[in-house]
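In: A predicted structure for the sequence below; I have some questions about it.
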Amino acid sequence: MVNTKVNLCGIEIDNPVIPASGTFGFGYEFAELYDINCLGTFSFKGTTKDPRFGNPTPRIAECPEGMLNAVGLQNPGVEAVISEEIPKLQKVFHKPVMANVSGFSKEEYVYTCEKIDAVDSVGWIEVNISCPNVHGGGMSFGTSAEAAGEITKAVRAVTKKPLIIKLSPNVTDIVSIAKACEAEGADAVSLINTLMGMRIDLRRKKPIIANKTGGYSGPAIKPVAIRMVYQVYDAVKIPIVGMGGIATAEDVLEMMLAGATAVEVGAANLVNPFASRDIIHDLPRVMEKYGVKNLTDIIGAAH
Amino acid sequence: MVNTKVNLCGIEIDNPVIPASGTFGFGYEFAELYDINCLGTFSFKGTTKDPRFGNPTPRIAECPEGMLNAVGLQNPGVEAVISEEIPKLQKVFHKPVMANVSGFSKEEYVYTCEKIDAVDSVGWIEVNISCPNVHGGGMSFGTSAEAAGEITKAVRAVTKKPLIIKLSPNVTDIVSIAKACEAEGADAVSLINTLMGMRIDLRRKKPIIANKTGGYSGPAIKPVAIRMVYQVYDAVKIPIVGMGGIATAEDVLEMMLAGATAVEVGAANLVNPFASRDIIHDLPRVMEKYGVKNLTDIIGAAH
Amino acid sequence: MTQGIYEIRSNVKIARDVYEMVLSGDTSAITAPGQFLNIKIEGLYLRRPISICDWDAETITILYKVVGEGTEKMADMTAGGKLDILVGLGNGFDMNFAGERPLLVGGGVGTPPMYGLCKRLVAMGKKPIVILGYASAEDVLYEAKFLEMGVDVRIATVDGTRGVKGFVTHAMDGLDYTYFYACGPIPMLKALSDASNTSGELSFEERMGCGFGACMGCTCKTKYGNKRICRDGPVLKKEEVIW
Amino acid sequence: MTQGIYEIRSNVKIARDVYEMVLSGDTSAITAPGQFLNIKIEGLYLRRPISICDWDAETITILYKVVGEGTEKMADMTAGGKLDILVGLGNGFDMNFAGERPLLVGGGVGTPPMYGLCKRLVAMGKKPIVILGYASAEDVLYEAKFLEMGVDVRIATVDGTRGVKGFVTHAMDGLDYTYFYACGPIPMLKALSDASNTSGELSFEERMGCGFGACMGCTCKTKYGNKRICRDGPVLKKEEVIW
């Protein structure tokens, strides 16, 4: 018997598999397909102070082993998330959930986190300072250590829940940003958000995506994600939630060996709606294949 | 009849297809396979002041739609390149060639460029300030606009040949770096070098590559390359040599629509030794398919 | 929605750049004409959404036009091949509103869902009028199959090589109908919506990430709020569309 | 070197995790035993280098062990399948130095190149002695096929379940030979090199990018300078190896 349990910021989860924000809605679409209580937890759709339509369409483009998206934080706003979405979520998911929060100013982040902090079923708050798809938005906070630290400090002040800061890979030095978040009281960092990319339509001779650029996700970004998790693990003491191209149980092991305590599964949920469940089912077999008894033992073991 | 000619820094080339440095040696291995005079030109193996063995092996790892390499600038040093490699190259290639230069200090870059400047068959000097595989090496020059400008200024002073600065994608703001190179006299910029990545061997539970990290190339990085070329095109007036995952004639068109005047083909040469020739042969068909008469007309046309 | 492995029974070219593929497997998730499939194609990352033309207890028929990498790969597929497909996606058309003489309008590869819809309306005892619009005669799809059902079929071609010269709206003049259903390019849908004197339903296309409502990749604004084309659509009511 | 499309004639398991694949196609680029192929496998980016076991005018035989993604996919391939392969890579063994009684040593999946070499040495009238080393009896490769050639074959297994218990060097004691050829794990090659009292040639492995000398991915240092395992090797002389 293998043990897939891990402890993420003081909360033990049955396994380290966490569908990533923006690929799992508020869970109930997937609950029609399988019992989502098999998940470690999941990170719900990025929530902002005000309702947002997001970007114009097309928002999606095909890439080699991946996709671009430029949804742009479409969500009904934090009030509706709390009054409508979370109650629906709680009917189908009975574990602590991870709330994902975005914003366009420090005040907005603080406002939204404060509201979310009052929700009992939220186990962790994941603060996205790295969305590449909103102009003048969250991304700018994620590309400097100072701004990242400032947001962390501000939201830290309004919540006692475990606080996870989600980092952008579109930077020269992700390590310094992770360290700034740690210094200002983050309980964990999650990485990587999408790589900024573009595809051009040869027929129309214009970018495929209306927003021009989009965030690149899928297996194609996994080597970059593994590298960044490995580098950040060397520099911080707080846990890392690793993501970027995770699609198999083998990928979970690779990401944890690099230094992740838990992993998020993103784009894979979109091409195979059962992906997260399938990974969880396959984990024990793959752990046995590679001689891993306790998943906790391999966190950062490649260092 | 379509016209594939483009003008790269004052030199007209028959087509915009240029095998990238490090994937084509000094050309003569490929000349055994096909007449390499079909190429626009090619960028020869990165050359440094002193001979270098490079990194320990393993230097290579499989990735989704791509590969990692950490060769680490293995080369016989500029003296041997000029006295041995270039004469061999000239027997099989009769067009101006692109010399690729690396270094570990400003003085080394200047030394090597000065030597190369004296070689008649060299049409362009491509200065690599972005190799991710040498510790404390070229990469640090490529990650700040100041350092990039400084290197550009120094090598500009020792050569009248067209000077192309090769940029790293592992940065927060590639646009500012490109602008610094332009301001200090670069005739062109080439981008992108490889993305820094890592793969971990689940059996050994260690990074596959001895150097731990390696440079990620192949189709997987194309969306990032297209995005960066598009961004840089908006900000500079000098031509851009676009690269990153180019493997087909369609890719050439996509990169040129984004803003490239010519393109480099890298990893594709390694998995299909005939890749560059095949792309050139296929270009007229693809140009006709998408209604392109003169390749020059589509440079930056997606803007 | 179900996910399953489907076997290709046949895959033949039936018009310029258009193929008909018959798949066998579980069809129980299909609840209405106008729904679509999302097909995983080896070598491509995202699934490709294709509208359902017709189905029975064990087969699904789709018609698709070769317009890019995904459909090029599909055109090369042969009988016996297997495909991983999500089936029964989207809302589909609501036949309860049809009335006695519903008008069905298909433009180009908007034709296929009209076929499955027509078949079911005829089975319900309705008398559909079908208008199909194409660029040219060589693009016409399934005309004989519509005629077999004994319905009134009118063709419009932009170049006049078949039927009425012009757009589908040129074939509508003076028609008396109770409701309309349409699928085709946006300009056609808008022109039709403007020209119609009844209520109706229109099927829209958009680039999709997942096809089942998770990613918000295909959201559009409607008078009744944001809708995901893949899940809340692809069929919208005339009255809610914001053009 | 040539690039070509090869058809799989057969692909069968012949020992624990080891398969024999016979390919048909142009073999004219193969100039010496000890050369290798570089095989493109659908779904993987880099080609997979596999040593040539044997060849004739129209077929190539390879033996490969399932150790990862590439060889797992190869094990699933069936007769009739087609593969894009670079053929005739590397230097191979130099048979001119063999002498009358060359010693051939293969460890595990280092066995295959020894077979093609042995066959050609026998054809030249030499009297090879063959030592093959494995972990266990169930790993032994091609023993009967070596014996068919009428050569002296000795087996060593680490667990003693076949032949001499121990490593190949334990089966060498007192042997009289004129030269040696070896392929296998590095510790075996080193032990053999140390134990040998003649000159010889050793075939090395390394992770490769291209397989034909372009990328410098597999360079090693030798006493005669840097060598690319894929092009200047995979066979190195005992005297040049830096351990």
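Out: Sure thing, it's come through.

In: What residue in the stretch 151-300 of chain A comes nearest to chain C?
Out: In the stretch 151-300 of chain A, the residue that lies nearest chain C is residue A:270 (3.9 Å; C-beta to the nearest C-beta). Glycine gets a C-beta too; all of them are placed from N, C-alpha and C.

In: Quick check: that residue vs residue C:231, distance?
Out: For residue A:270, the distance to residue C:231 equals 13 Å [C-beta to C-beta, to the nearest Å].

In: Also residue A:182?
Out: 40 Å.

In: is it fair to say residue C:127 lies in a helix?
Out: No. Secondary structure assignment places residue C:127 outside any helix; it is coil (DSSP: H, G, I helix; E, B strand; the rest coil).

In: Could you pull up the contacting residues of the residue nearest to it when sequence neighbours are not counted?
Out: Nearest residue to residue C:127 in three dimensions, chain neighbours excluded: residue C:101, at 5.2 Å (C-beta to C-beta, 6 or more residues apart in numbering or on different chains). By C-beta atoms under 8 Å, 6 or more residues apart in numbering or on different chains, residue C:101 lies in contact with C:126, C:127, C:128, C:129, C:176, C:177, C:178.

In: who are the neighbours in contact with the residue of the stretch 151-300 of chain A closest to chain C?
Out: A:23, A:67, C:46, C:209, C:210, C:214, C:215.

In: what about 10 Å?
Out: Going by C-beta atoms under 10 Å, 6 or more residues apart in numbering or on different chains, residue A:270 touches A:22-24, A:60, A:67, A:69, A:217-218, C:45-47, C:208-212, C:214-215, C:217.

In: got it, and residue C:150?
Out: Contacts of residue C:150 (C-beta under 10 Å, 6+ apart): C:122, C:127.

In: how close does it get to residue C:156?
Out: From residue C:150 to residue C:156 the distance is 21 Å (C-beta to C-beta).

In: Quick check: residues of chain A near chain D?
Out: A:64, A:65, A:250 (C-beta under 10 Å from any C-beta of the partner chain).

In: residue furthest from the geometric center of chain A?
Out: Each residue of chain A has a distance to the centre, and by C-alpha atoms, centre = their mean the biggest one is for residue A:203: 34.3 Å.

In: Nearest residue to that residue in space, please, no chain neighbours.
Out: With C-beta to C-beta, 6+ apart, the residue lying closest to residue A:203 is residue B:290, at 6.8 Å.

In: Just give the number of residues close to that neighbour.
Out: By the criterion of other C-beta atoms under 10 Å in any protein chain shown, residue B:290 has 14 neighbours.

In: try residue A:157
Out: When counting by other C-beta under 10 Å, one arrives at 12 neighbours for residue A:157.

In: For it, give me the pLDDT.
Out: If you check residue A:157, the pLDDT there is 98.

In: sec struct for the closest residue to it other than its chain neighbours, please.
Out: Closest residue in space to residue A:157, ignoring its immediate chain neighbours: residue A:110 at 7.6 Å, by C-beta to C-beta, 6+ apart. Per three-state DSSP, the local secondary structure of residue A:110 is helix.
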